[in-house]
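Trainee: sequence plus predicted model, see below.
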Amino acid sequence: LLAWVGVSQAATRYIDAQPGSNCSGTSYSIANRACNGSDGPSYTTISAAYTASSAGDTLRFRTGTYANNSGQLPKDNQIWEGCRAAVCGSDERPTITSTGGNIFGWTCSTPGDGPDGWTLRHLDGTGGTGSGILIRGANNWTIDDLDISGYNTAGGEEDYVHGIATDGYFWDGSDNNHYCPPTGWTITNSRVHDPSCTTCITSGIAIGDATGGTVSYNEVYNTYGDGIWFDVAPNPWTGETPNEVTGNIVHDVIHYAFHAEARHRWHLTGNLAYNCGTSGSFDAGIFVRVGNASDNMQNHRYYNNTIMCAGAAFQATNENGNETFTDAVFKNNIFINTSTAAQGAFKLASPYGSASDNYFQYNLIRNLAGTIGVCWNTTDGGAGTDCSNGTTYADSSAGMSSWASVAPTRIGSNFTTYGIGLQYAWMDRP
C-alpha cells in the first residue's frame, strides 16, 4: 500500500490593478488583463497578493503603479518581478510607491528572523520618508534591475537614509541593540538616483555590518552625497568574506564615489567614477576611512578601476594614529585628480606607505590640476587635506621612478602617460 503525500508547489500570482477586482482561482487573463482567462489568480494590491501567497511563490507585477506603504518585503524564497516579454509580450516596469518609511524594508528582532532567499527585479521604486530600500537582517537575497529614486521625503541626513541600504546593527529607540548582519546578498544591474531631498547628504547604496555580498553593475548618480558607501563591518573581523564591488558606474555625486570605513574589506574591480567630489573636504574618488576607534583594514583589492574626481582619486586617512591598512593590492587602475592640485592623485596617510604592507603595480596616476602624483605618508588624518605634511612624488615619469625606488618589488612600475598607462590599466584582472 502506497501513501501519496501532497507537496505544495510554488505558484505564480499576478498583481494587476486593471481588472478592478481580484481574479479568483485561475481566471486571470494575461492577454486581456481581465478575469476571463485561465492563467492563474490576480490581485489588485500588493497586500492582497502577499496575504494569499506562500513562501517560494512568484508575484508578477503588470504595468501600473502600486502602493507599498508598509514597506512589505517578499516572503522566504519569493520572487517579485515586473512581467517580462516572454510572458506578457513586452518587458513591463511597474512602479512601486511608498508614503511610509521605505519602499521595501525589513528590520530584524533577532538574528535569522528575516525573510531569506528572496528576489526583487525589474521594478521601479519611488518614495519612502527614509531610505528607498532598507534591509536589516535578511540573508541570501537579490536586488536586480531596480530603479530607485524619490526617497528620503522627510529630509534625513548622513548615516540613516540612502537609496538602497543594508546593515545588521541598529538601535531601536528603546535601549535595545540588535545585531544580525546580512550575508550572501546581491545588489546588481540597478540604478539609484535623485532622492527627494536635494540638500541632504546621503548615499546611493550603503552597506553596514554586512559581509560576503556583491554590489555589481549598478549606476549611482545625483545622490547629493556619496555614491557607494560601506560603513562599519563586524568586530572582530574573523573569517568573514570580503564584499565584491564590481563594474559599477558612479557619477555626478558631490562627495565620495566609493567610501569604506571601520574594518570593512572590499574588492573593487572594473568600477568607473567621474564628475565626483567638490573642491573641499569630501572630494576623494575612493575614500578609505581606516579608523573608527582604532579599527584596522586588511585585504583590500583594487583592480582595473577608473577614478576621475575633483580631488585625490584614492585617499586613505589615519584618524587616531594607530590603525593599520595592510595587504592591499592596487593593480591596473587609472587614478586621476581633475581639479584640486594640492591633494595629488593618490594619497596615503602615515603609516600606510610602509613598503612591506601594500602592493602597487601598473597604475596610471595623473593630476590634471597640478604636479603632485602621489602623497606618501602624510601625517594629517582628515579628508580633503593637502599634501604638505607628507612626501610627494611628481606627476611625471621621474616622479613615478622615484616612488618605485622606495621598494621596487612592492611599488613596481606605475605611469603618468596615457599610452603605456592605459595599456596596463585596461588589462584583465590577474
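Mentor: Yep, that arrived.

Trainee: look up the closest residue to residue 202, ignoring the ones flanking it.
Mentor: Spatial nearest neighbour of residue 202, chain neighbours left out: residue 225 (4.6 Å); criterion: Cβ to Cβ, 6 or more residues apart in numbering. C-beta: built from backbone N, CA, C; applies to glycine.

Trainee: wait, residue 167
Mentor: In space, residue 167 is closest to residue 208, 3.4 Å off (Cβ to Cβ, 6+ apart).

Trainee: in this structure that neighbour contacts residue 231, no?
Mentor: Yes: the pair formed by residue 208 and residue 231 meets the contact definition of Cβ atoms under 8 Å, at 3.7 Å.

Trainee: mutual contacts of those two, please.
Mentor: Counting by Cβ atoms under 8 Å, 6 or more residues apart in numbering, the shared contacts of residue 208 and residue 231 are residue 167.

Trainee: so who does residue 301 touch?
Mentor: 242, 266, 267, 268, 269, 328, 329.

Trainee: now it: how far from residue 184?
Mentor: Applying Cβ to Cβ, to the nearest Å, the value for residue 301 to residue 184 is 20 Å.

Trainee: can you check residue 42 too?
Mentor: According to Cβ to Cβ, residue 42 and residue 184 sit 32 Å apart.

Trainee: of these two, give the one with the bigger neighbour count.
Mentor: Just comparing residue 42 and residue 184: by other Cβ atoms under 10 Å the higher neighbour count belongs to residue 42, 29 against 17.

Trainee: okay, and the beta partners of that one?
Mentor: For residue 42, the beta-bridge partners under DSSP bridges are residue 14, residue 23.

Trainee: who's in contact with it?
Mentor: Residue 42 makes contacts with 13, 14, 15, 16, 19, 22, 23, 28, 35, as judged by Cβ under 8 Å, 6+ apart.

Trainee: these two touch, right, the last one and residue 25?
Mentor: If I follow you right, that is residue 35. No: Residue 35 lies out of contact with residue 25 (Cβ under 8 Å); the separation is 9.3 Å.

Trainee: between these two, tell me which one has more neighbours.
Mentor: For residue 35 versus residue 25, neighbours defined as other Cβ under 10 Å are more numerous around residue 35 (18 against 9).

Trainee: quick one: neighbours of the residue nearest to the more buried one when sequence neighbours are not counted, just the number.
Mentor: Distance criterion Cβ to Cβ, 6+ apart; nearest residue to residue 35, sequence neighbours excluded, is residue 23 at 3.9 Å. Look at residue 23: counted by other Cβ under 10 Å, it has 24 neighbours.

Trainee: quick one: the helices in this protein?
Mentor: Counting by DSSP state H, the chain has helices at residues 46-52, 85-88, 397-404, 408-411, 418-425.

Trainee: next one: the third one to chain centre, how far?
Mentor: Going by Cα atoms, centre = their mean, to the nearest Å, the spacing between the C-alpha centre of helix 397-404 and its chain's C-alpha centre is 34 Å.

Trainee: with the second one instead?
Mentor: In terms of Cα atoms, centre = their mean, the centre of helix 85-88 is set 30 Å apart from its chain centre.

Trainee: residue 404 reaches residue 412, doesn't it?
Mentor: Yes: using Cβ under 8 Å, residue 404 makes contact with residue 412 at a distance of 6.2 Å.

Trainee: for the record, mean pLDDT for stretch 361-369?
Mentor: Across stretch 361-369, pLDDT averages out at 91.

Trainee: try stretch 9-26
Mentor: Here the average pLDDT along stretch 9-26 is 96.

Trainee: please apply the same query to stretch 146-164.
Mentor: The average pLDDT within stretch 146-164 is 89.

Trainee: got the CA coordinates for that stretch in PDB?
Mentor: Below are the C-alpha coordinates for stretch 146-164, written out as PDB (Å, rounded to 0.1, in the frame of the first residue of the first chain):
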ATOM      1  CA  LEU A 146      15.600  48.100  -9.900                       C
ATOM      2  CA  ASP A 147      15.400  51.900 -10.400                       C
ATOM      3  CA  ILE A 148      15.200  53.700  -7.100                       C
ATOM      4  CA  SER A 149      14.500  57.400  -6.800                       C
ATOM      5  CA  GLY A 150      12.500  60.000  -4.900                       C
ATOM      6  CA  TYR A 151      13.400  58.500  -1.500                       C
ATOM      7  CA  ASN A 152      14.100  60.500   1.700                       C
ATOM      8  CA  THR A 153      11.000  62.600   1.500                       C
ATOM      9  CA  ALA A 154      11.400  63.500   5.200                       C
ATOM     10  CA  GLY A 155      14.800  65.100   4.600                       C
ATOM     11  CA  GLY A 156      17.000  62.900   6.800                       C
ATOM     12  CA  GLU A 157      20.800  63.100   6.900                       C
ATOM     13  CA  GLU A 158      24.100  61.200   6.700                       C
ATOM     14  CA  ASP A 159      24.100  57.700   8.200                       C
ATOM     15  CA  TYR A 160      20.400  57.000   8.200                       C
ATOM     16  CA  VAL A 161      18.800  57.400   4.800                       C
ATOM     17  CA  HIS A 162      20.000  56.000   1.500                       C
ATOM     18  CA  GLY A 163      18.700  54.700  -1.800                       C
ATOM     19  CA  ILE A 164      19.400  51.000  -1.100                       C
END
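
Trainee: so what's the gap between that stretch and the chain middle?
Mentor: Centroid separation for stretch 146-164 versus its chain: 13 Å, with Cα atoms, centre = their mean.

Trainee: low-confidence bits of the stretch 1-150 of the chain, can you list those?
Mentor: Applying pLDDT under 70 to the stretch 1-150 of the chain flags residues 1-8.
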